[in-house]
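Asks: Here's a sequence, model it:
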Amino acid sequence: MASPAKNVRRDNSQPGLHAEPLDAVDRQIIDTLVADARITNRDLADAVGIAPSTALMRTRALMERGAIEGFEAKLNLASIGRAVQALIAVRLRAHDRVEIDTFTGRVPLLPEVLSTFHTSGSVDYLLHIAVRDTDALRDWVLDNLTTDPAVGHTETTLVFKHIPGHTGPLD
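Replies: Next comes the predicted model:
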């Protein structure tokens, strides 16, 4: 699991809307950093086959373009006392802008929330949370969702195992 990444983007534009295409070197840099974000610049340069100064310049450019949003520490949640993970589907009572803003301004910022997805379909949000145990999960849902006047319905699904996918560029 990962903790929230420090945002390193320098502007407020949405990434991907007018993104510059990635060339083969950019893709290699991204793939190498996805595999090991703690790699030294010298080792990154060696892995990609470019000079260290070029690796540094290209990595900084990818960060400024928004292709790389940040670097994360992958945590073993069980080892830090958060062994129970759940996905919680949330349906709001109404789609009132004030209630949506209140919900999204509070719930995603709670320390137990690993990810928040605004979705289409029968639910409005999917929350990925991690807590100490099932009692803590029950209490969290009651304290933070069931009692929230904006929330109309929740459905909690326990996560048995998280199997990460590949987050690098597609070829």
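Asks: number of nearby residues for the closest residue in space to H118 that isn't next to it in sequence?
Replies: Spatial nearest neighbour of H118, excluding adjacent residues (CB to CB, 6 or more residues apart in numbering): Y125 at 5.8 Å. For glycine as for every other residue, the C-beta is placed from the backbone atoms N, C-alpha and C. Y125 has 21 neighbours, counted by other CB atoms under 10 Å.
Asks: got it, and T102?
Replies: 14.
Asks: and it, what element?
Replies: helix 97-106 (DSSP states H and E).
Asks: That helix - contacts with which helices or strands?
Replies: Counting contacts by 3 or more CB pairs under 8 Å, 6 or more residues apart in numbering; DSSP states H and E, helix 97-106 is packed against strand 84-92.
Asks: can you tell me the average pLDDT over the strand or helix carrying L33?
Replies: Element membership of L33, judged by DSSP H and E, is helix 24-35. Helix 24-35 shows a mean pLDDT of 94.
Asks: Touching that helix from outside, list them.
Replies: 22, 39, 44, 47-50, 55, 58-59, 62, 67-68, 71, 166-169, 171 (CB atoms under 8 Å, 6 or more residues apart in numbering).
Asks: again, 7 Å this time
Replies: For helix 24-35, contacts defined as CB atoms under 7 Å, 6 or more residues apart in numbering pick out 39, 44, 47-48, 50, 55, 58-59, 62, 67-68, 167-169, 171.
Asks: Can I get that helix as PDB, trimmed to CA atoms?
Replies: Output in PDB follows, covering the C-alpha atoms of helix 24-35 (Å, rounded to 0.1, in the frame of the first residue of the first chain):
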ATOM      1  CA  ALA A  24      10.900   5.900 -25.600                       C
ATOM      2  CA  VAL A  25      13.300   7.400 -23.100                       C
ATOM      3  CA  ASP A  26      10.400   8.900 -21.100                       C
ATOM      4  CA  ARG A  27       8.700   5.500 -21.000                       C
ATOM      5  CA  GLN A  28      11.900   3.800 -19.800                       C
ATOM      6  CA  ILE A  29      12.400   6.400 -17.100                       C
ATOM      7  CA  ILE A  30       8.800   6.000 -15.900                       C
ATOM      8  CA  ASP A  31       9.000   2.200 -16.000                       C
ATOM      9  CA  THR A  32      12.200   2.200 -14.100                       C
ATOM     10  CA  LEU A  33      10.900   4.600 -11.400                       C
ATOM     11  CA  VAL A  34       7.600   2.600 -11.100                       C
ATOM     12  CA  ALA A  35       9.700  -0.500 -10.400                       C
END
